[in-house]
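> My questions concern the predicted model and sequence given below.
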Amino acid sequence: MQVIRDKAVSTGAVVMTMPKQRVVPAWWRVVKRATDAILGSVLLLIALPVIAAAAIAVVLVDRGSPFYAQERIGQGGRRFRMFKLRTMVHGAHAMRDDILHLNEVEGPVFKIKNDPRLHRVGAFLRRTSIDELPNLFNVVAGDMSLVGPRPPLPSEVEHYSSSAQRRLSVPQGVTCLWQINGRSDVSFEEWMRLDNRYIDTWSPWGDLVILAKTIPAVIRKDGAH
């Protein structure tokens, strides 16, 4: 993989050297954004009742806002706030250092199947991927795409290799090859391989195929925890 050594991208505390991007027809990017804006808006309208019901459930079982906005890294190293339904108890971020030893994933990510910080409906929201539905607000706003690598945390990007950094050369997405191929059940190395495969092969119609395959993957709850 060729890496552009003289093009560093700074994102506050994160400084990255971005790899050379794949050249695709300009109209592909126009179609991708139009699909995100139109289909994303339709999906958001459909999802709003589910989001509202889930938000009420969160409020009933745990104090605090049912939503949270977490800082993530988008295309080109740009920071943005990604919206999700809150699945953890109030103040869960302060407990992270105490349970680092429970991490079940290799690489610069932190995932636990039975996270002790989940509130009473948190596990259900994660297994059904309902907690991710507010991502559609980010899609409509242009922060994310419907399809693309999942946006990482700044702390994860700080430890990325040049190969992993390549996943930031395209819009980050709600679903991707990782989501439909096992999700949290695959290794970090395989996750990065799937993201790089997407970068090398994506097309507007290929995105529609991934979206279609996401539905049965969500129903089966593949790697959702």
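In hand now; what should we look at?
> Confirm Val139 sits in a helix?
Yes. Assessed with DSSP: H, G, I helix; E, B strand; the rest coil, Val139 lies in a helix.
> So which bits of the helix ranked longest in the chain are buried?
Assignment by DSSP state H gives helix 26-61 as the longest helix of the chain. Along helix 26-61, these residues count as buried under the neighbour rule (16 or more other C-beta atoms under 10 Å): 32, 35-36, 39-40, 43-44, 47, 51, 54-55, 57-58. Yep, even glycine has a C-beta here, placed from its N, CA and C like the rest.
> Closest one to Gly206 out of the residues you listed, please.
Lowest distance from Gly206 to the buried residues of helix 26-61 (C-beta to C-beta) belongs to Lys32, with 10.4 Å.
> how close does that closest one sit to Gly142?
11 Å (C-beta to C-beta, to the nearest Å).
> of all the buried residues of helix 26-61, which two lie farthest apart?
Farthest pair in the buried residues of helix 26-61 (C-beta to C-beta) is Lys32 and Ala57. Separation: 33.7 Å.
> which intervals of the chain have sub-threshold pLDDT?
Low-confidence segments of the chain, defined by pLDDT under 70: 1-21, 97, 223.
> Give me the three-state assignment for the residue nearest in space to the middle of it.
Centroid-nearest residue in the chain: Arg150, 2.9 Å away (criterion: C-alpha atoms, centre = their mean). Assigned by three-state DSSP, the conformation of Arg150 is coil.
> Please list all residues in contact with it.
Gln172, Gly173, Cys176, Trp178, Gln179 (C-beta atoms under 8 Å, 6 or more residues apart in numbering).
> Among the residues you listed, which ones are in helices?
Trp178, Gln179.
> Distance of Val109 relative to Leu153?
8 Å.
> And the helices in the protein?
Going by DSSP H, the chain shows helices at 26-61, 122-127, 135-141, 154-157, 162-165, 177-180, 188-201, 204-220.
> Does the fifth one pack against any helices or strands, and if so which?
Applying 3 or more C-beta pairs under 8 Å, 6 or more residues apart in numbering; DSSP states H and E, we find helix 162-165 packed against strand 14-19, helix 188-201.
> Let's have those in TSV, adding distance to Glu71.
TSV is the format used below for those (distance: least, C-beta to C-beta, whole Å):
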stretch	distance to Glu71
strand 14-19	10
helix 188-201	20
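> Is it possible to get JSON lines of the ones you listed that adds mean neighbour count?
JSON lines is the format used below for those (neighbours: other C-beta atoms under 10 Å):
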{"stretch": "strand 14-19", "mean neighbour count": "17"}
{"stretch": "helix 188-201", "mean neighbour count": "17"}
